[in-house]
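Trainee: Kindly generate the corresponding structure for this input.
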Amino acid sequence: MGVLVLLAGILLLGVLGCVCVVWAARGGPRWVRVVSAVTLGVAGIVTALVRGMGSSKSGSGSGSGFSSGSGSDSGD
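Mentor: Next comes the predicted model:
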């Protein structure tokens with residue numbers, strides 16, 4: 001039950017942060033711009049962490065393992 005409340009709180013903070021980002025883009029008050037900047041900063045950090053976790057699992061760190069350009073279509 002406690003984990004569910006924690007996840008709901010994190011989701012609520014994320015949604016409110018996104019609302020502040022949109023409001024700040026339309027010229028909201030100073031506190032909205034501050035919350036927007038914090039939200040975008042946290043999103044950048046989380047994105048970098050997720051990308052880092054993905055590249056450490058692959059071993060090479062060169063991508064997702066999917067080839068680009070050479071498809072399996074034989075053209076028949």
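Trainee: Run a quick neighbour tally on residue 24.
Mentor: A count of nearby residues for residue 24, using other Cβ atoms under 10 Å, gives 20. Just so you know, the C-beta spots here come from the backbone N, C-alpha and C atoms, and that holds for glycine as well.
Trainee: That one reaches residue 33, doesn't it?
Mentor: Yes: between residue 24 and residue 33 a contact is recorded at 4.6 Å, counting by Cβ atoms under 8 Å.
Trainee: Helices along this structure, start to end?
Mentor: Counting by DSSP state H, the chain has these helices, from start to end: 2-25, 30-58.
Trainee: want to throw those helices into a markdown table with mean pLDDT?
Mentor: As requested, these are exported to a markdown table (pLDDT from 0 to 100):
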| stretch | mean pLDDT |
| --- | --- |
| helix 2-25 | 94 |
| helix 30-58 | 88 |
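Trainee: Tell me the confidence at residue 62?
Mentor: According to the model's per-residue confidence, residue 62 sits at a pLDDT of 53.
Trainee: same question but for residue 69, I mixed them up
Mentor: For residue 69, the model assigns a pLDDT of 57.
Trainee: neighbours around residue 2, how many?
Mentor: Close neighbours of residue 2, defined as other Cβ under 10 Å, add up to 6.
Trainee: Contact partners for it?
Mentor: Residues counted as contacts of residue 2 (Cβ atoms under 8 Å, 6 or more residues apart in numbering): none.
Trainee: separation between it and residue 48?
Mentor: From residue 2 over to residue 48 the distance is 29 Å, taken as Cβ to Cβ, to the nearest Å.
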